[in-house]
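1. compute the structure for the input listed below.
(chains A and B)
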Amino acid sequence: MTTLQLQINGRAVSAAGDATVLEAIRSAGLQVPTLCHLDGLTPVGACRLCLVVIEGHPKLEPACVTAVADGMVVHTHTPELDTYRRMAVELFFAEGNHVCAVCVANGACELQAVAVEVGMDHSRFPYQYPRRQVDASHPLFSLDHHRCILCTRCVRVCDEIEAVHVWDVGYRGSSCSIIAGLDQPWGEVAACTNCGKCVDVCPTGALFRKEDGSGEKQPHPERAHQLVEARTEHHWHNQ
Amino acid sequence: MGVSWRCCDATACRAAGAAALRQRLEAEVGADRVKPVGCLRLCGMGPLAAADHADGSTELVAGVAGERRLDLAHPFFLLQRSVVLERCGLVNPDSIDDAIAQGAYAALDRCRQLAPQAVIEQVARSGLRGRGGAGYPTGRKWQLVAAQASPTRAVVCNADEGDPGAFMDRAVLEGDPHRLLEGMAIAAHAVGAAEAFIYVRAEYPLAIERLRTAIGAAEARGVLAGLPIQLRIGAGAYVCGEETALLHSIEGGRGTPRPRPPYPAVSGLWGLPTLINNVETFAAVPAILREGGDWYAAMGTATSKGTKVFALSGAIPHTGLIEVEMGTSLRTIVEAMGQSPPGQVKAVQTGGPSGGCVPAALLDTPVDYESLQSLGSIMGSGGMVVIDGAMAMPELARYFMRFCVDESCGKCLPCRAGTVQLAQLLDRFVERRATAADLVQLEQLCGMVKATSLCGLGQSAPNPVLSTLRFFRAEYEAAISAPVVP
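-> The predicted structure follows:
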């Protein structure tokens, strides 16, 4: 594998020839916030938090789906990027009903962490207070649509790793929501294997185990990557 | 020899009573002397019928009883330069014999004698740019697809026209469907594609019906030389006009865009290198191959060659379909062709929800890709809506923003949630209860949605706001209810 040289925030960084800009940023010990991205799942470039400036590119580029190139000059934090990131987090908070104090993911929530990271303590955009549902039809888990940020990690983990495709996205625009089966109550979808991978990778309190109370959810987003790695490297066969 | 009639049988005239007009004419001169055709251009006056007299003269009449005689020497007709629409209004769209008799598939036959590279060379020489809006050089796109290593490639026609105020592609599909098939077959030959798809929205039932008939006839006649052309009917989502979303939809997936690169030219339909062009782009190709790229390049401006079809509508007496040379000024189109009295136009909206407004003071702007872009508008696919003084600009901006709210696919945050907030901010201006802070937030959020959205829908959604802010800022400021305290 070829190694490419690039510059990130003025620092010389080496990256594998097939790496993404996000991987290069992280391998250099630098940070850029993400919500829809999860190692092990196909990147979708939907949350737009990892947008970076690449010199010579007319537009901002999502680091998660942009391939590195030799000599690339990347900036992860400019005043413009910082402003847009903060606005993006404000929009996330304004479009759902994110009340941290009574959330199962309080303290372990990636949206909350990103808000702290970008310095957002309130949204300047009016809260939309959408009327959404809680789907508690599954015997083990629940889905609280109020806290869903449509990152589609659950959709992808179920499709790509569990290979079941219980989840998908239904409807359009601000009416978009995660749907189970053919837009059925989750508990009625016979295909669900109760594996809980969707709950493990959910960045917020949208998907949770029924026994979890406020602040008790323990997400395991790293498991998706571990599973992919284990399958690729045949860990089980080697035992 | 008596008179023979051509009756417009396209959607707009049908809605205005074309069937009654045709029945009347058939009763008068006999059914064999009345031919259904596509758009006769002056849609706002429909239903329309053209009388071809034995002496070679033509008359155009309008109204269910044919009660109005239209002046064919009017600039509306005289200033048209028909290339894409050269057979539209002349041929029976349901008759392949009629189309062939009037030249259809001749260019395809000739281009089969040419090496694919020679075909691409002619398209490149013509200077034709994508008529779907973005204006990417067509020859370069074809070259890119042809150069891919894959043994097979696909050709896709984007017929998902959905901009408010746009009906150019529908006119081509309803008036001369064989022209599109011929253009696509030429493209398939040029890029080495083994299959072709037309993606058209279900809101165009007549266009779909005519395409089905045309494809069936062309296959039965063998003129497509074995190229299978499949129709794919979209449920009607504006975002499906975005090329990657359109491809997902053809594949049977949810119509959502994905980040590019890879561009469809490299990895498109089912991973194949895919050539995707708009209806008007393909429809220009047969004429280019017939007359040569240089002939086409002689029309238009230095950077925008050839002709462009516009759907002219709004506050003007003459509304309909026009095809003019690139570089024609907006004033010529609106005042001469559209017959708007001088001084009555406030602005011209071009490019639909992705476009913007050109104010009356700049009506001398030539219509070409760069000139419109420099004013914060775009050519777009060719919708052109004339606005008069009765329309308040924040309200116009809100109309387009609400359209984007409804049509956002919801995949990326700035478009899904940002357009909602923008529409609500615009509510405050329309209802004249905005604050100075709202104006600041409106501009900031426009900038953020434009810079950070995933696809063209979101990236261009703020354009109607930004362009009206640029030229009609006073209207926004007048809507601020509480004056700023220094």
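2. close to chain A, is stretch B:203-217?
-> No. Stretch B:203-217 is not in contact with chain A by CB under 8 Å from any CB of the partner chain; minimum separation 15.8 Å. From N, CA and C alone the C-beta is placed, and that goes for glycine too.
3. surely A:Cys47 and A:Cys151 touch.
-> Yes. A:Cys47 lies in contact with A:Cys151 (CB atoms under 8 Å); the separation is 6.1 Å.
4. intersection of neighbour lists for the two?
-> A:35-36 (CB atoms under 8 Å, 6 or more residues apart in numbering or on different chains).
5. so the two - more neighbours on which side?
-> More neighbours surround A:Cys47 than the other of A:Cys47 and A:Cys151, with 30 against 27 (other CB atoms under 10 Å in any protein chain shown).
6. list the residues that contact the nearest residue to B:Leu72 once chain neighbours are set aside.
-> Counting by CB to CB, 6 or more residues apart in numbering or on different chains, B:Leu60 is the residue found nearest to B:Leu72 once chain neighbours are left out, at 5.6 Å. Counting by CB under 8 Å, 6+ apart, B:Leu60 touches B:40, B:42, B:48-51, B:69-70, B:72.
7. pLDDT score for the residue of chain A found nearest chain B?
-> Residue nearest to chain B within chain A: A:Cys176 (3.3 Å; CB to the nearest CB). Listed pLDDT for A:Cys176 reads 97.
8. so is stretch B:158-168 next to chain A?
-> No. Using CB under 8 Å from any CB, stretch B:158-168 stays clear of chain A, with a minimum separation of 13.4 Å.
9. in stretch A:105-117, what's buried?
-> A:105-106, A:108-112, A:114-115, A:117 (16 or more other CB atoms under 10 Å in any protein chain shown).
10. now stretch B:124-136
-> B:124-135.
11. check stretch A:182-195 too.
-> Applying 16+ other CB under 10 Å to stretch A:182-195 flags A:186-187, A:189, A:192 as buried.
12. relative to B:Glu443, how far out is B:Arg81?
-> 40 Å (CB to CB, to the nearest Å).
13. how about low-confidence regions in chain A?
-> Within chain A, the stretches with pLDDT under 70 are A:237-239.
14. how near is A:Asp70 to A:Ile54?
-> Taken as CB to CB, the span from A:Asp70 to A:Ile54 is 13 Å.
15. which of the two has more residues huddled nearby?
-> A:Ile54 (20 against 11).
16. which residues do A:Asp70 and A:Ile54 both contact?
-> By CB under 8 Å, 6+ apart, no residue touches both A:Asp70 and A:Ile54.
17. can you list the domain ranges for chain B.
-> B:4-72, B:96-297, B:307-388, B:393-482 (automatic domain parsing).
18. would TSV of these with mean pLDDT be doable?
-> Converted to TSV, the domains of chain B look like this (pLDDT from 0 to 100):
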stretch	mean pLDDT
domain B:4-72	96
domain B:96-297	96
domain B:307-388	96
domain B:393-482	96
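19. A:Arg124 is nearest to which of those domains?
-> domain B:393-482 (6.8 Å; CB to CB).
20. near chain B, which residues of chain A are found?
-> Neighbours of chain B within chain A, by CB under 8 Å from any CB: A:44-48, A:51, A:59-60, A:62, A:65-66, A:80, A:83-84, A:87-88, A:91-92, A:94-95, A:124-126, A:128, A:149-150, A:168-169, A:171-176.
21. of all the residues in chain B, which ones are close to chain A?
-> When proximity is defined as CB under 8 Å from any CB, chain B approaches chain A at B:237, B:254, B:256, B:258-259, B:405-414, B:416-421, B:424, B:441, B:444-445, B:448, B:451-454.
22. run through the strands of chain A in chain order.
-> According to DSSP state E, chain A carries its strands in the segments A:3-8, A:11-16, A:51-54, A:61-62, A:73-75, A:134-135, A:141-144, A:167-170, A:177-180, A:207-209.
23. list the strands paired with the first one, with their directions.
-> Going back to what we said before, that points to strand A:3-8. Sheet pairing of strand A:3-8 (DSSP bridges) gives strand A:11-16 (antiparallel), strand A:73-75 (parallel).
24. check which residues of the last one are buried.
-> Going back to what we said before, that points to strand A:73-75. A:Val74.
25. and that strand, how far out from the chain middle?
-> 23 Å (CA atoms, centre = their mean, to the nearest Å).
26. measure the most centrally placed residue in chain A to B:Asp94 for me?
-> The centre of chain A sits closest to A:Cys36, judged by CA atoms, centre = their mean, with a distance of 2.5 Å. A:Cys36 is 48 Å from B:Asp94, where distance means CB to CB.
27. this completes my enquiry, with thanks.
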